[in-house]
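Visitor: sharing a model that was predicted from the sequence below.
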Amino acid sequence: MSRVGLAPVEIPGGVTVAFDKAGATVKGPKGTITKALPGLCEYKQEENVVRVSRRSEDQTSRSMHGLARTLLANMVEGVTKGFYKQLEIVGVGYKAEAKGKNLVLTVGFSHPVMFEIPEGISIETPAPTQIKVSGIEKDRVGQVAADIRKVRPPEPYKGKGIKYVGEQIQRKAGKTAAGA
């Protein structure tokens, strides 16, 4: 029995949820999200709570039960609070700067890297070595942060590169001189 799928999704004031055959549409103060939800589940809205139940007890339905509830909860949280990921840049001379619809990364290449900011995502650079990616869709925020990190992932010897705030980098020992 899915413990996650059994928990109800609380709908705060100012948020509306509408279901159709394709999925759900959630409208709130930060925007609107329309997303396809698993069709193997049933969605019942009672006042300010949505309950997710499965239609059958086969393996596929059971595995989609918790997923459907979590997707719906993330949509509600996204239109009320939003999501963000923070990245930091480590390295001498490495920096980032948000310019219009682009993020300019200077991370040790012979040229600055231009990263185009996707629609629905906002990127801030509070300091030259910090990047904050924010938006209302959790999966898109995470994917954009991963794409930025992919430009220059942290290397294991000096730890230079782009990493998530709080991420621990496994460090390796460098070469040692011959003892003779």
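Guide: It's in.

Visitor: how far off centre is stretch 74-86?
Guide: 9 Å (Cα atoms, centre = their mean, to the nearest Å).

Visitor: which residue ranges of this protein form strands?
Guide: Along the chain, the segments classed as strands by DSSP state E run 9-10, 16-19, 23-28, 31-36, 41-46, 49-54, 83-90, 95-99, 102-106, 113-116, 121-124, 130-135, 161-164.

Visitor: direction included, what does the shortest one pair against?
Guide: Meaning strand 9-10. Each strand paired with strand 9-10, and its direction, by DSSP bridges: strand 49-54 (antiparallel).

Visitor: send the alpha carbons of the strand it pairs with over as CSV?
Guide: Presented in CSV, the C-alpha positions along strand 49-54 are these (Å, rounded to 0.1, in the frame of the first residue of the first chain):
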residue,chain,number,x,y,z
VAL,A,49,-8.4,18.7,-0.3
VAL,A,50,-7.7,16.4,-3.3
ARG,A,51,-7.5,12.6,-2.7
VAL,A,52,-5.8,10.3,-5.1
SER,A,53,-6.9,6.6,-5.4
ARG,A,54,-6.0,3.9,-7.8
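
Visitor: got the angle for it vs strand 23-28?
Guide: Put simply, strand 49-54 runs at 160 degrees to strand 23-28, going by axes from the mean of the first three to the mean of the last three Cα atoms, to 10 degrees.

Visitor: which residues does strand 49-54 contact?
Guide: Outside of strand 49-54, the residues within contact range by Cβ atoms under 8 Å, 6 or more residues apart in numbering are 5, 8-11, 17, 40-44, 61-62, 64-65, 68-69, 72. (Each C-beta comes from the backbone N, C-alpha and C, glycine too.)

Visitor: from these, which would you call buried?
Guide: Among the contacts of strand 49-54, those classed as buried by neighbour count (16 or more other Cβ atoms under 10 Å) are 5, 9, 11, 17, 40-41, 43, 61, 64-65, 68-69, 72.
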